[in-house]
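In: turn this into a structure:
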Amino acid sequence: MSTLKEVAHVAGVSAATASLALNGRKVNEATRQRVLRTARHLNYVPNRVGRMLKASKSQTISLLFMTSSRHADIVRHTALFYYLIEGILGVVDECKYSLRLEVKSHEDPGLAAYFENVVHDKSLDGIIIVPQFVRHYPFLELFQANRFPYVMFRPGRFGLETNYVDIENAAGARLVADLFASLGYQRIAMINGPESHVDAIERERGFREGLASAGVADLVVKYGDFMIHTGFSMMGEIAREGPLDAVFCANDYMAAGAIKFLSESGRRVPHDVAVVGYDNNDICEGIVPSLTTVDHRLEELGRMLAQELLALINGQRTVIQKGIPPRLIERDSHRKS
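Out: Model prediction:
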């Protein structure tokens, strides 16, 4: 395997210039291209470990999804977080960092030891955490005591001093309530996620507040697990309870299941029942009718998460508390003709 000195010698530059060229720093473009061609020809592989030791940084961050064995694993079984990961990767690549993707269950007996290793083994410069469920998060105290850079994804309900980027679920759900109210819908149902899920709690809160502001008091709520099959089954339960104007599903997968049930039972969407989802996944335009939904702008949120974490790592921030407001995407499933 070739060394940096050999690359520099063959390219006719100093080792310092070769290093700058290979790391994307400011050098003459012709020189950069010559060094890059030489490195490819010699099959040069940068000594990442050496760079880490010199910089006292790993140049690696982690994206950790917290799941629960008591609920459906929407991380592994859906494409829900695809855009979030895309946004994070875009920033990580631009900044020449690596991303480590991990999934840990709240019920994992080794969870406490995992977080101790995150803080102390020096393999990570920082971590982005997607918590999902309302639980006690003792690792926050560990991070804060050791000044370990972290950012939580979703609301700042874990304490005023928590670093977070807020998905603003309640605001997104209020957009749906306002839409239903503007169309005069009175008999309304909601198919929600698990009762302990952060998104489910916030989306139901915002939806109820929005309906109450519009003078709509009657709301039927059923709880599923964010998967298509529970949208189907919960829609069946709601349909058996009486006439309905509209249903708000707390994610697009359950909305697809609800539309499937309504179609198979002879009800037309939106002519008989309006349906609105949440997330703005690709599935929205792959079902008939196309799904009106809330776009929480996951790719932008992913970029913000990565940018803010790197700002913490580089000492440019001390506390992160930000968010991006969601927006309503109107398609064909919400307005009756």
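In: separation between the residue nearest the centre of the chain and residue 300?
Out: The centre of the chain sits closest to residue 84, judged by CA atoms, centre = their mean, with a distance of 4.1 Å. Distance, residue 84 to residue 300, using CB to CB, to the nearest Å: 10 Å. Just so you know, the C-beta spots here come from the backbone N, C-alpha and C atoms, and that holds for glycine as well.
In: returning to what we had before: ok, the residue nearest to the centre of the chain touching residue 298?
Out: Yes. Between residue 84 and residue 298 a contact is recorded at 4.4 Å, counting by CB atoms under 8 Å.
In: residue contacts, residue 260?
Out: Neighbouring residues of residue 260 by CB atoms under 8 Å, 6 or more residues apart in numbering: 228, 231, 232.
In: save these as TSV, and put in neighbour count, secondary structure and pLDDT too.
Out: Formatted as TSV, those follow (neighbours: other CB atoms under 10 Å; DSSP: H, G, I helix; E, B strand; the rest coil; pLDDT from 0 to 100):
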residue	neighbour count	secondary structure	pLDDT
228	20	helix	96
231	30	helix	98
232	20	helix	98
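In: next structured bit after the helix or strand bottoming out on mean pLDDT in the chain?
Out: Every helix and strand in the chain was compared by mean pLDDT, DSSP states H and E; the lowest is helix 48-55, with a mean of 51. Using DSSP states H and E, the helix or strand that follows helix 48-55 towards the C-terminus is strand 60-67.
In: ok, residues contacting that next one?
Out: Outside strand 60-67, the residues that touch it by CB under 8 Å, 6+ apart are 73-75, 81, 85, 88, 92, 97-106, 118, 123-133, 135, 306, 309-310, 313.
In: partners of it, with directions?
Out: Applying DSSP bridges, strand 60-67 is found paired with strand 98-105 (parallel), strand 126-130 (parallel).
In: so which bits of the helix or strand just after the last one are buried?
Out: Following strand 126-130 in sequence order, the next helix or strand is helix 139-146 (DSSP H and E). The neighbour-count check on helix 139-146 (16 or more other CB atoms under 10 Å) flags 139, 140, 142, 143 as buried.
In: any weak-confidence spans in this structure?
Out: In the predicted model of the chain, residues 1, 24-25, 46-56, 155-161 satisfy pLDDT under 70.
In: run the last query once more with 50
Out: 53 (pLDDT under 50).
In: residue boundaries of the helices in it?
Out: Using DSSP state H, the helices found in the chain span residues 4-11, 15-22, 29-41, 48-55, 74-77, 82-94, 111-120, 139-146, 169-182, 198-213, 228-239, 252-264, 298-313.
In: most tightly packed of the ones you listed?
Out: helix 252-264 (a mean of 23; mean count of other CB atoms under 10 Å).
In: and which of the contacts of residue 260 is nearest residue 184?
Out: residue 231 (24.6 Å; CB to CB).
In: what sits closest to that closest one if chain neighbours are left out?
Out: Closest residue to residue 231 apart from its sequence neighbours, by CB to CB, 6 or more residues apart in numbering: residue 257 at 2.6 Å.
In: circling back to that earlier point, quick one, what contacts the residue nearest to the centre of the chain?
Out: 130, 153, 298, 299, 301, 302, 305.
In: swap in residue 169?
Out: Neighbouring residues of residue 169 by CB under 8 Å, 6+ apart: 154, 155, 198, 199, 202, 203, 206, 296, 326.
In: ok, residue 337 next?
Out: Shown in contact with residue 337 (CB under 8 Å, 6+ apart): 270, 271.
In: against residue 187, how distant is it?
Out: In terms of CB to CB, residue 337 sits 18 Å off from residue 187.
In: what of residue 105?
Out: 39 Å.
In: tell me the contacts of the residue lying closest to residue 70 once chain neighbours are set aside?
Out: The shortest distance from residue 70 to any non-neighbouring residue, by CB to CB, 6+ apart, is to residue 107 (7.5 Å). By CB under 8 Å, 6+ apart, the contact list for residue 107 reads 68, 69, 70.
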